[in-house]
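Chemist: let's see this in three dimensions:
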Amino acid sequence: MTINDAQSANNSRRRNTARRANDIRRTNNVHSTNNTTHAQKYPCHIRVGTSGYSYAEWADAGFYPLDTKPGRMLTCYAQIFSVTELNYTWYQMPKAQAIERMLQQVPTDFQFAAKLIRYLTHEIDEDAWRGYVKQYRDGIAPLVQSGQLAAVLLQFPPSFHRLPKNRRYLAALLDELDGLPMAIEFRHVSWAVESVYAELERRRVTLVAVDTPDIKELFPTVDIITSPDLFYVRLHGRNAGGWRSGNMQKQFNYDYADNELREWAEERIEKMAEHTRNGLIFFNNHVQAQAPGNAMKLAGILKDRGLI
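Modeler: Now for the predicted structure:
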């Protein structure tokens, strides 16, 4: 391929991304009158977005305009999608002032799912964790007050097995977070038992449906509804080699095929939408900007099926 050929291919990808962006803007912000019949059958309000939004490579791939500064990415993102997952709240404790600044960059109907701080899921301190809960709740308070908190995501690592100690901790953590909309993503297969689903249902806590590689130690793909308020889907990609490598850049490097997205829409999402009032769907395959492209494609499929 010549330099001119490469430039032409890049320009074509950018044009295609821009067209999809315009389509998704209309999809997320306008409920088509042609969907009246289906909307009456499935009154679930579904939002599609990505896990995080601040990625420099997304500008290189054409999703953001070239040279978009990190401080402008949320504003650009909110022109396309109506929801995002906050990844940074896992890495650092959220601060109310920072959240308030973010709220000024998005429409008032934009929603956030905030990932729980790592000190409460991955690096648990038995003596300090309750204090971290208070700090976290204080930090995301502006989202609660504005009505723009879609959910708090509790994402546990594969090393968090269903042992008595961990079960007690999880119960206590859910008690401390009571009153917030919660969704739990397990990564270890030991949590895939009926007693766990029943307890989540009793608490009205959403079990996250995941799409991951078919690796026996991982939590399986299930579409079990544990809360009538919300279903929550996270699509991580199916790069088995990447997952086994432990390298995040390889782990989430995956581009969903159209038939894989249609399968999710037809066989899982539509079924979950029948039983809940709201739905959140996030793509976490962000490495080469596959996430926004896949999200736009899935939103189009859902729109065609009258689900959004």
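
Chemist: show me where pLDDT drops low in this protein?
Modeler: 1-41 (pLDDT under 70).

Chemist: can you give me the strands for it?
Modeler: 45-51, 83-86, 111-115, 149-155, 182-185, 206-211, 231-235, 278-283 (DSSP state E).

Chemist: pull the residues that contact the first one.
Modeler: The contact list for strand 45-51 (C-beta atoms under 8 Å, 6 or more residues apart in numbering) reads 24, 28, 77, 81-85, 87, 111, 150, 234, 269, 273, 277-284, 286, 291-292, 295, 298-299, 302, 307-308. Quick note: C-beta positions are derived from backbone N, CA and C, even for glycine.

Chemist: one more time with 6 Å, if that's ok
Modeler: Strand 45-51 has contacts (C-beta atoms under 6 Å, 6 or more residues apart in numbering) with 81-85, 278-284, 291-292, 295, 298-299, 307-308.

Chemist: about what we covered before: relative to Phe219, which of the strands of the chain is closest?
Modeler: Between Phe219 and the strands of the chain, the shortest gap by C-beta to C-beta is with strand 206-211, which sits at 6.3 Å.

Chemist: what lines up beside that closest one in the sheet?
Modeler: The pairing partners recorded for strand 206-211 under DSSP bridges are strand 182-185 (parallel), strand 231-235 (parallel).

Chemist: next, count neighbours for Glu194.
Modeler: 8 (other C-beta atoms under 10 Å).

Chemist: any idea how far it lies from Arg244?
Modeler: Distance, Glu194 to Arg244, using C-beta to C-beta, to the nearest Å: 29 Å.

Chemist: what's the answer for Val133, then?
Modeler: Noted for Val133: a distance of 33 Å to Arg244, by C-beta to C-beta.

Chemist: who's more crowded, the two?
Modeler: More crowded of Val133 and Arg244, by other C-beta under 10 Å: Val133, with 19 against 12.

Chemist: can I assume that one is in contact with Leu174?
Modeler: No - with contact defined as C-beta atoms under 6 Å, Val133 does not count as touching Leu174 (10.6 Å).

Chemist: pick the most deeply packed of the strands paired with strand 206-211.
Modeler: strand 231-235 (a mean of 25; mean count of other C-beta atoms under 10 Å).

Chemist: tell me the angle of that strand relative to strand 149-155?
Modeler: 60 degrees (axes from the mean of the first three to the mean of the last three C-alpha atoms, to 10 degrees).

Chemist: count the residues that sit near the closest residue to Leu86 other than its chain neighbours.
Modeler: Nearest non-adjacent residue to Leu86, counting by C-beta to C-beta, 6 or more residues apart in numbering: Ala114, 4.7 Å away. Neighbours of Ala114 under the rule other C-beta under 10 Å: 25.

Chemist: then the one 3 residues further on?
Modeler: Applying other C-beta under 10 Å, we find 22 other residues in the vicinity of Ile117.
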